[in-house]
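J.: Model the structure of this input:
(one chain, ligands or ions: 2)
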Amino acid sequence: MHQTLASQFSTRDQVTDFVVYKGNGVKGLSETGINILPDQYIQPFEERLINFHVNDRTEESIPVIDMSNSDEKSVSKAVCDAAEEWGFFQVINHGVSMEVIENMKAATHRFFSLPVEEKRKLSREKSLSTNVRYGTSFSPHAEKALEWKDYLSLLYVSEAEASQLWPDACRHATLEYMNESKPLVKKLLQFLGENLNVKELDKTKESLFMGSTRINLNYYPTCPNPDLTVGVGRHSDVSTLTILLQDQIGGLHVRSLTTGTDRWVNVPPISGSLVINIGDAMQIMSNGRYKSVEHRVLANGTNNRISVPIFVNPKPESLIGPLLEVIANGEKPVYRDVLYTDYVKHFFRKGHDRKKTIDFANI
Ligand SMILES: O=C(O)CCC(=O)C(=O)O
Ligand SMILES: [Fe+2]
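T.: Ligands and ions are numbered 1, 2, ... in the order given. Predicted coordinates for the structure are as follows:
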């Protein structure tokens with residue numbers, strides 16, 4: 001028989017202790033069989049799904065771009081158009097093998113299936129490095145309401161560091177997936193750059209566009225009251241570009257820019273595809289031409305879901321602002337130059353808050 005929340009935990013603090021501090025995560029909480037959502041996960045009314053018009057018809061979603069003939073002008077044009085009009089698209093025939101993708105998904109399940117004592121070694125309190133962190137929600141200390149998600153976040157520094165610090169359960173598959181996706185990342189950045197008059201992805205531009213990489217393994221367990229909470233709250237990414245692998249469960253929603261009103265579209269899972277989105281750093285560098293768009297993840301009442309975003313970021317010490325190539329023609333800059341590390345700190349200081357992070361770089 002399922003335990004109720006009341007029989008397992010008598011106070012709100014006991015739930016937080018079990019999930020956040022003891023390292024059980026929401027996965028552990030879900031697996032106790034609780035059938036009532038604890039208070040701290042109840043999102044404010046305006047953040048709940050009921051308030052959004054979501055267009056579920058698959059023909060009204062983000063573009064799907066076939067990368068198989070990527071030398072053709074039509075492909076780079078489709079990428080740049082999608083970056084301007086949606087800020088989000090899916091790619092198929094992208095060059096990352098199905099085997100590598102399946103191994104990455106299996107590795108994610110393998111990591112989250114580890115005993116709590118193993119995962120907890122990588123918690124904020126215990127991890128040997130800030131570059132490797134297992135946690136839950138987004139910033140539990142800064143959030144008004146918690147989010148129904150656990151994660152492992154890995155900042156890539158070098159193969160040597162990864163082989164020392166990354167968990168055995170997922171290290172090999174994660175490195176392989178990151179390496180295989182690199183040509184795709186470069187190609188997309190080349191397309192987006194050329195369209196902004198950046199002639200070449202030289203060393204300086206590589207460091208600015210893709211100087212550091214973070215990969216997250218996300219786990220969204222089954223939730224007792226999915227309508228009252230979220231998997232991830234509305235936010236835009238702080239990356240240059242994000243490459244997202246999602247499984248077949250679905251639940252990612254993207255705000256639609258084209259319809260003007262507060263409309264959202266569902267991103268339907270397509271087997272073998274990768275979801276690409278523009279992040280704030282790219283919106284700033286393109287002086288607002290490419291859009292870093294709000295998205296959110298629903299909690300799910302019947303299934304566990306996983307996703308694996310690769311955040312392709314500027315180097316932390318990079319100064320990011322509208323590119324000279326963009327403003328050379330007299331275009332007025334709408335963002336100031338900011339140190340990327342300051343921008344990221346600003347993002348993590350608070351809970352998810354829609355598109356507000358980018359105001360930090362407003363002129
Ligand atoms: O799980 C997903 O589909 C998206 C996750 C996400 O938006 C993020 O980690 O920034
Ligand atoms: Fe995101």
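J.: Okay, and the residue of the chain found nearest ligand 1 sits in which element?
T.: Closest to ligand 1 within the chain is Ser307: 3.3 Å, counting by Cβ to the nearest ligand atom. Backbone N, C-alpha and C define where each C-beta goes, glycine included. Ser307 is located in strand 305-313, with elements delineated by DSSP states H and E.
J.: Check which helices and strands the helix or strand that that strand is followed by sits against.
T.: Of the helices and strands lying after strand 305-313 in sequence (DSSP H and E), the nearest is strand 319-320. With contacts defined as 3 or more Cβ pairs under 8 Å, 6 or more residues apart in numbering; DSSP states H and E, the packing partners of strand 319-320 are helix 280-285, strand 338-339, helix 340-348.
J.: Can you tell me who the residue of the chain closest to ligand 1 pairs with across the strands?
T.: Asn218, Gln246 (DSSP bridges).
J.: Could you report the neighbour count for it?
T.: When neighbours are counted by other Cβ atoms under 10 Å, Ser307 registers 25.
J.: residue contacts, it?
T.: Asn218, Tyr220, Leu244, Leu245, Gln246, Asp247, Leu252, Val297 (Cβ atoms under 8 Å, 6 or more residues apart in numbering).
J.: Same check on Lys121?
T.: Lys121 touches Ser127, counting by Cβ under 8 Å, 6+ apart.
J.: do the one 5 residues further on as well
T.: Listed by Cβ under 8 Å, 6+ apart, the contact partners of Lys126 are Arg120.
J.: In a markdown table, list the helices and strands packed on strand 319-320 along with distance to ligand 1.
T.: Shown next, in a markdown table, are those (distance: least, Cβ to the nearest ligand atom, whole Å):
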| stretch | distance to ligand 1 |
| --- | --- |
| helix 280-285 | 11 |
| strand 338-339 | 20 |
| helix 340-348 | 11 |
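J.: wait, which of the ones you listed is closest to Thr302?
T.: helix 340-348 (31.6 Å; Cβ to Cβ).
J.: what angle do the closest one and strand 305-313 make?
T.: 150 degrees (axes from the mean of the first three to the mean of the last three Cα atoms, to 10 degrees).
J.: list the buried ones in helix 340-348?
T.: For helix 340-348, a neighbour-count test (16 or more other Cβ atoms under 10 Å) marks Tyr340, Tyr343, Val344, His346, Phe347 as buried.
J.: how about the residues of the stretch 151-300 of the chain that lie near ligand 1?
T.: Proximity of the stretch 151-300 of the chain to ligand 1, by Cβ under 6 Å from any ligand atom, involves residues Asn216, Asn218, Val232, Asp237, Leu244, Gln246, Leu252, His295, Val297.
J.: between the residues you listed, which is nearest Leu208?
T.: The closest of those to Leu208 turns out to be Asp237 (Cβ to Cβ; 16.7 Å).
J.: Now do the helices in the stretch 1-150 of the chain.
T.: 5-8, 12-16, 25-31, 73-85, 98-112, 116-120 (DSSP state H, counting those that start in this stretch).
J.: Can I take it that Pro167 is in a helix?
T.: No. With DSSP: H, G, I helix; E, B strand; the rest coil as the criterion, Pro167 is coil rather than part of a helix.
J.: Could you verify my assumption that it touches Phe111?
T.: Yes. Judged on Cβ atoms under 8 Å, Pro167 makes contact with Phe111 at a distance of 6.0 Å.
J.: shared neighbours, these two?
T.: Shared contacts of Pro167 and Phe111, counting by Cβ under 8 Å, 6+ apart, come down to Leu152.
J.: so where's the stretch 51-200 of the chain uncertain?
T.: Scanning the stretch 51-200 of the chain with the threshold set as pLDDT under 70 gives 51-53, 55-59.
J.: And the residue nearest to Lys315 when sequence neighbours are not counted, how far from Asn313?
T.: Among residues not flanking Lys315 along the chain, Gly211 sits closest, at 3.1 Å (Cβ to Cβ, 6 or more residues apart in numbering). To Asn313, Gly211 is 7 Å away according to Cβ to Cβ, to the nearest Å.
J.: between those two, which one's more packed in?
T.: Using other Cβ under 10 Å, the more surrounded residue of Gly211 and Asn313 is Asn313, with 26 against 19.
J.: before we move on, back to that, export the buried residues of helix 340-348 as CSV, with columns for distance to Thr11 and pLDDT.
T.: Formatted as CSV, the buried residues of helix 340-348 follow (distance: Cβ to Cβ, whole Å; pLDDT from 0 to 100):
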residue, distance to Thr11, pLDDT
Tyr340, 41, 97
Tyr343, 38, 94
Val344, 35, 93
His346, 33, 89
Phe347, 31, 85
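J.: isn't Glu60 right up against Val265?
T.: Yes. If you go by Cβ under 8 Å, Glu60 and Val265 touch, sitting 5.9 Å apart.
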